[in-house]
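# Below are the sequence and a predicted model; questions follow.
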Amino acid sequence: MAELSVLIVNYNTWRECAHAIASLRQHGPTRPDGSPMPFECIVVDNLSPHRDPALIAAVEHELRLLAEQQRDPQAGRLILHTENGGYSKGMNLAYAHARGRWILISNPDLLFGPGLVDRLHRQLLADPRTGIAVPKGFWDDEFYGHLPPNTLPTLYDAWIMVAAEYSQALSRWHARRLCRQWMRVWDAERPLALPMMSGCLFLIEREFFDRIGRFDERYPLYYEDSDLSVAIKKAGRTITQVPDAQLVHFVNRSGMSDLETMWTRHHHSRAEYYKKWYGLLGELTLRWTGKLVKSKRLARFRRFTPQPPFVDLGASSQRPQLQLGRHCERYLVLMSLDPRFYLAAGAYGSGDRWTLSDGAFRLFVNAVFYFAVYDLSGGRFERLGTWRYHCLSHLGQPVPPPAPPPPGGPAP
C-alpha cells in the first residue's frame, strides 16, 4: 500500500510531465530508517487541447515503469479528465484516488532531485507545528537562479501597488522591500516559516489536508495556494521552507501554452480570493484599485521609467551580457518580465560583469526581460543599474525578430 501519494495536474505539458515522473522514479522517497517508502503517482489531465497519442503514451510509459518499480499495479495512474474545471478541481480529483498518508502536490514542469521528498518528510515528522513543508525553488538544474517567494495577497499590498503606479519613489521603495524579503528566504540555512507557500510543490499530511478543506474549487487557476496559506495559518500551523530540499521548477509552462485562458482564470480567482477572505471590503478594494489602474483620465500620472542608470541591450538570440562598471565582491542579479521588479528571480555572483551559462540560457523564452543588479559587497545594498533585453531565443531555439511597424505607424 502506498504511503505517499504524488498528485499532478497536467495541461499541455506532456513532455515536462513525463520527465518529472522519470525523475521521481529515479529519486523516490525513503523512510527515516533509509528503507524505500512505497509511493504512487496520480496524474490528471485537465482536458488538454493537445492530446497527442505519442505524448500521452510517453506519460503512460513512465507511470507503468513506476508501477512496476513499486510492484503495485495501482501506483501509476493517468486520468484523462472530460472537463477543464480548473486546477483545484483537477487536483481534488487526483486526491480522491490517493491512498497515501502523505500527500505531495506537484506541478508537471519540475524535476525531483536526490533527497527532495525525504527532507520535506523529515521536517513534518520533526516539527508538529509544520502544516506543510516546501522546498527552495530554482529555475535551472544548476541550482543557480532562485525563484521568487510568493507574496501573500492582502488589502495593504493591493493599495500599495496601486499607489506605486502614481509614485516612482514609492514603486522603487516597494521593489527594494520585496527584494530584501526574497533575500531572507534565499539565504536561509535553517527551516524558515514563510507567510505564503508556492503551490508548485508541497508536502502535507492527509489528515491535516482534510481538516483545512483541501483545494477550494472556486479558484480555477492561481490563488489556490494563497487560499491554502491563509487556512494553514488560521489552523495554527506554519508553512516551512526546508533549505536543503532543492527543487527545479521550469515555471508556468502550462500557462504559457494558453495565455488567454490563464489570464481569464487568474482574474476570476483573484476576485474570489479577496471576496472570501475580506468580504465586501475586499470586493471594494479590487473595484477601486482596478479603476485607478485603468482610468484614462489619470493615465498621465501613471508614468513609469526604469530606474537609472538604464542600458537597453536590444534584441538578440545570444546570452545577455551585463557590464557592472565596478568589481563587486558579491552582487545580486534580479531577472524579471516586470520593469518594476515586483516579481523577480535572483542569482548571486561576484566580479564586474554577469551573464548566463549555456544551460540556463536554454530555459529562457521569447520575451522582454529586465535585469537589476545590487552590489552587496561589505554589507551594501546599492543598486548599480537596470538593463532591458529582448530575448530572440525560445527554450534554446532562435526565433525571428518582430516585424517592423508599417510606414505611418501601427495598422488600425
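Yes, it's here. These figures come from a predicted structure and were not determined experimentally.
# how about the helices in the chain?
In the chain, the helices defined using DSSP state H lie at 14-26, 53-70, 87-96, 116-126, 155-165, 168-186, 206-211, 224-234, 253-256, 259-294, 358-361.
# Can I get the ones you listed in a markdown table including distance to A133, mean pLDDT and mean neighbour count?
Glycine gets a C-beta too; all of them are placed from N, C-alpha and C. Putting the helices of the chain into a markdown table (distance: least, C-beta to C-beta, whole Å; pLDDT from 0 to 100; neighbours: other C-beta atoms under 10 Å) gives the following:
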| stretch | distance to A133 | mean pLDDT | mean neighbour count |
| --- | --- | --- | --- |
| helix 14-26 | 17 | 97 | 21 |
| helix 53-70 | 22 | 97 | 16 |
| helix 87-96 | 18 | 95 | 21 |
| helix 116-126 | 4 | 97 | 20 |
| helix 155-165 | 25 | 94 | 16 |
| helix 168-186 | 14 | 96 | 16 |
| helix 206-211 | 12 | 97 | 14 |
| helix 224-234 | 11 | 96 | 20 |
| helix 253-256 | 24 | 53 | 19 |
| helix 259-294 | 23 | 92 | 15 |
| helix 358-361 | 27 | 92 | 14 |
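# So which of the ones you listed is nearest C200?
Nearest of those to C200, taken as C-beta to C-beta: helix 224-234 at 8.4 Å.
# name the helices or strands packed onto that closest one?
helix 87-96, strand 130-138, strand 238-249, helix 259-294 (3 or more C-beta pairs under 8 Å, 6 or more residues apart in numbering; DSSP states H and E).
# if I look at A188, how far off is L343?
19 Å (C-beta to C-beta, to the nearest Å).
# E83 too?
E83 is 30 Å from L343, by C-beta to C-beta.
# do the same with H50
H50 sits 28 Å away from L343, going by C-beta to C-beta.
# When those two are compared, which one has more neighbours?
Set H50 next to L343 and count neighbours by other C-beta atoms under 10 Å: L343 wins out with 15 against 12.
# now for the helices of the chain, which one comes closest to P148?
Here helix 168-186 is closest among the helices of the chain (C-beta to C-beta), at 5.5 Å.
# so what are the domain limits for this protein?
Split into domains by automatic domain parsing, the chain comes to 4-152+187-252, 310-398.
# Can you say which of these is packed in most?
domain 4-152+187-252 (a mean of 19; mean count of other C-beta atoms under 10 Å).
# Just the mean pLDDT for stretch 97-104, thanks.
Stretch 97-104 comes out with an average pLDDT of 98.
# then that stretch to PDB, C-alphas only?
Output in PDB follows, covering the C-alpha atoms of stretch 97-104 (Å, rounded to 0.1, in the frame of the first residue of the first chain):
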ATOM      1  CA  HIS A  97      -7.900   8.400  -5.900                       C
ATOM      2  CA  ALA A  98      -4.900   8.900  -3.500                       C
ATOM      3  CA  ARG A  99      -4.200   6.200  -0.900                       C
ATOM      4  CA  GLY A 100      -1.200   7.600   1.000                       C
ATOM      5  CA  ARG A 101      -0.900   9.100   4.400                       C
ATOM      6  CA  TRP A 102       1.400  11.800   3.000                       C
ATOM      7  CA  ILE A 103       0.300  13.900   0.000                       C
ATOM      8  CA  LEU A 104       2.800  15.600  -2.300                       C
END
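# gap between that stretch and the chain center?
23 Å (C-alpha atoms, centre = their mean, to the nearest Å).
# Contacts made by it with the rest, please.
Stretch 97-104 is contacted by residues 1-7, 39-40, 42, 74, 77, 79, 95, 117, 120-121, 124, 201-207, 209 when judged by C-beta atoms under 8 Å, 6 or more residues apart in numbering.
# Ok, stretch 346-363 next?
Contacts to stretch 346-363, defined as C-beta under 8 Å, 6+ apart, come from residues 139-142, 144-146, 148, 179, 182-183, 186, 250, 319-335, 364, 373, 376, 393, 395-396.
# Filter those residues down to the ones in strands?
321-335, 373, 393 (DSSP state E).
# which residues touch stretch 29-44?
Counting by C-beta under 8 Å, 6+ apart, 1-10, 17, 21, 24, 28, 59, 63, 66, 70, 72, 74-79, 81, 90-91, 93-94, 97-100, 108, 117-118, 121-122, 125 sit against stretch 29-44.
# sorry, back to before: mind giving me JSON lines with the helices of the chain and columns for distance to I132?
Formatted as JSON lines, the helices of the chain follow (distance: least, C-beta to C-beta, whole Å):
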{"stretch": "helix 14-26", "distance to I132": "19"}
{"stretch": "helix 53-70", "distance to I132": "24"}
{"stretch": "helix 87-96", "distance to I132": "14"}
{"stretch": "helix 116-126", "distance to I132": "8"}
{"stretch": "helix 155-165", "distance to I132": "22"}
{"stretch": "helix 168-186", "distance to I132": "15"}
{"stretch": "helix 206-211", "distance to I132": "8"}
{"stretch": "helix 224-234", "distance to I132": "6"}
{"stretch": "helix 253-256", "distance to I132": "22"}
{"stretch": "helix 259-294", "distance to I132": "18"}
{"stretch": "helix 358-361", "distance to I132": "29"}
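# among the ones you listed, which is nearest A245?
helix 116-126 (3.9 Å).
# what angle separates the closest one from strand 238-249?
Here the directions of helix 116-126 and strand 238-249 differ by 170 degrees (axes from the mean of the first three to the mean of the last three C-alpha atoms, to 10 degrees).
# what packs against helix 116-126?
Using 3+ C-beta pairs under 8 Å, 6+ apart, helix 116-126 is in contact with strand 102-106, strand 130-138, strand 201-205, strand 238-249.
# any residues touching it, and which ones?
Residues from elsewhere that reach helix 116-126 (C-beta under 8 Å, 6+ apart): 4, 27-30, 32, 37, 102, 104, 130, 133-135, 191, 202-205, 240, 242, 244-247.
# so what's the nearest residue to Y273 once chain neighbours are set aside up against?
Using C-beta to C-beta, 6 or more residues apart in numbering and skipping residues adjacent in sequence, the residue nearest Y273 is Y223, 4.3 Å away. For Y223, the contacting residues are P153, H266, S269, R270, E272, Y273, by C-beta under 8 Å, 6+ apart.
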